[in-house]
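Trainee: How does the following fold in three dimensions:
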Amino acid sequence: MRRNLMSLAAVLSLGAAAVLVGCNTSDRGGPGTGKDSFTITGPTTSTGIKQGETQILKITLSPGTDFKQDVTLSVGELPKGVKVEFEPKVIKASDKKEADMKVTVDDTAALGENKLHVKAKPTTGAETSVDVKYDVKKKGE
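Mentor: Predicted coordinates:
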């Protein structure tokens, strides 16, 4: 019995660690907090981008079964030398539930890790957001 309890505790600890490490999901947005809400998810790890280059990252919308609204994506204040575009900018209720986030860093972008504050605003209800990490590397490395 004691060995079974220890095994169960180990499994639960590993599961909790996996949830903390492998997840980059927002709080719920939308008019409610249940089936009529949604979350957005970004990459779980930092994405390396060399100065002067572009990377495309996936942003995924996970709607509840009763959530039937369009969601507009945007990003908070950008550091100097960083540009972000979404395709599509508006995820339609009837369309695929993901968007490409095109991140371009020019030669003046500061080196090192930073984050983009990605926001998702439904037609009605609460906005939600997720932070997406990126790491600017020196050009030519």
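Trainee: For this structure, which segments are assigned as helices?
Mentor: 2-21 (DSSP state H).
Trainee: Skipping adjacent residues, who's closest to the residue nearest to the spatial centre of it in space?
Mentor: Centroid-nearest residue in the chain: residue 42, 2.2 Å away (criterion: CA atoms, centre = their mean). Closest residue to residue 42 apart from its sequence neighbours, by CB to CB, 6 or more residues apart in numbering: residue 132 at 4.0 Å. Placement of C-beta: from N, CA and C, glycine included.
Trainee: residues in contact with the one you found?
Mentor: Taking CB atoms under 8 Å, 6 or more residues apart in numbering as the criterion, residue 132 is in contact with 24, 42-43, 47, 57, 59, 101, 115-116, 118.
Trainee: go with 10 Å
Mentor: The contact partners of residue 132, taken as CB atoms under 10 Å, 6 or more residues apart in numbering, are 24, 40-44, 46-47, 57-59, 75, 84, 101, 103, 114-118.
Trainee: what's the answer for residue 100, then?
Mentor: Neighbours of residue 100 in contact, by CB under 10 Å, 6+ apart: 56-59, 85-88.
Trainee: give me that answer again for 6 Å
Mentor: The contact partners of residue 100, taken as CB atoms under 6 Å, 6 or more residues apart in numbering, are 56, 87.
Trainee: Residue 58 versus that one, what's the distance?
Mentor: According to CB to CB, to the nearest Å, residue 100 and residue 58 sit 7 Å apart.
Trainee: and if you look at residue 36?
Mentor: From residue 36 to residue 58 the distance is 24 Å (CB to CB).
Trainee: again with residue 64
Mentor: As judged by CB to CB, residue 64 and residue 58 stand 20 Å apart.
Trainee: what does residue 41 give?
Mentor: Counting by CB to CB - residue 41 and residue 58 are separated by 8 Å.
Trainee: Neighbour count: these two, which is higher?
Mentor: It is residue 41, of residue 41 and residue 58, that has more neighbours when counted by other CB atoms under 10 Å, with 18 against 12.
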